[in-house]
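Colleague: My questions concern the predicted model and sequence given below.
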Amino acid sequence: MTKVDHVLAVVAVKDLTEGRAWYTKLFGREPDNNPMESLIEWQVRDGGWVQVTEDAERAGHGMLNLALSDLDEGVREVRGRGLEPGEIIEANKGVRLCPLADPDDNRIQLVGSFRVEY
């Protein structure tokens, strides 16, 4: 396979206006791109993007894991923006998880202590 330059995680929502408001709170800023009427994007890393698209049929079935450099601070920031993450749990091998759901019930997992090798 040719080298992959970008990874694009796609989350479907019923209403793009509502989705935009919620994900703007999650990321703490407006989207970086609005390439088409039904799609907005946030660049979360070099080559790493989260796309939010309006697709009522697929909405609510997504899963998105966001590995944070400081989970406790990330959870405080998200709460400060008016979102309601769950409690942080100790998962396995030092990994910590904090669940969150968008208005369509897509599951977002904030991840602490992620490593490439365990």
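Modeller: That came in fine, so what should we check first? Numbers count the residues shown, from 1 in each chain.
Colleague: C-alpha only now, for contacts and for neighbours.
Modeller: OK.
Colleague: Pull out the buried positions in the lengthiest helix in the chain.
Modeller: Counting residues, the longest helix found in the chain (DSSP state H) is helix 16-27. Neighbour-count burial for helix 16-27, counted by 16 or more other Cα atoms under 10 Å, picks out 16, 19, 20, 22, 23, 25, 26, 27.
Colleague: what's the average pLDDT for that helix?
Modeller: On average, the pLDDT along helix 16-27 is 98.
Colleague: same question, stretch 56-66
Modeller: 98.
Colleague: Ok, stretch 76-92 next?
Modeller: Stretch 76-92 shows a mean pLDDT of 97 in the predicted model.
Colleague: end to end, how far does it reach?
Modeller: According to Cα to Cα, to the nearest Å, stretch 76-92 extends 22 Å from its N-terminal end residue to its C-terminal end residue.
Colleague: List the buried residues for that stretch?
Modeller: Burial within stretch 76-92, assessed by neighbour count using 16+ other Cα under 10 Å, is assigned to 77, 78, 83, 85, 88.
Colleague: still on that earlier bit, now do the longest helix of the chain: which elements does it pack against?
Modeller: With contacts taken as 3 or more Cα pairs under 8 Å, 6 or more residues apart in numbering; DSSP states H and E, helix 16-27 sits against strand 48-54.
Colleague: List the buried residues in the next helix-or-strand element following the strand it packs on.
Modeller: Read in the C-terminal direction, the helix or strand following strand 48-54 is strand 63-68, with elements assigned using DSSP states H and E. By neighbour count, with 16+ other Cα under 10 Å as the criterion, the buried positions of strand 63-68 are 64, 66, 67.
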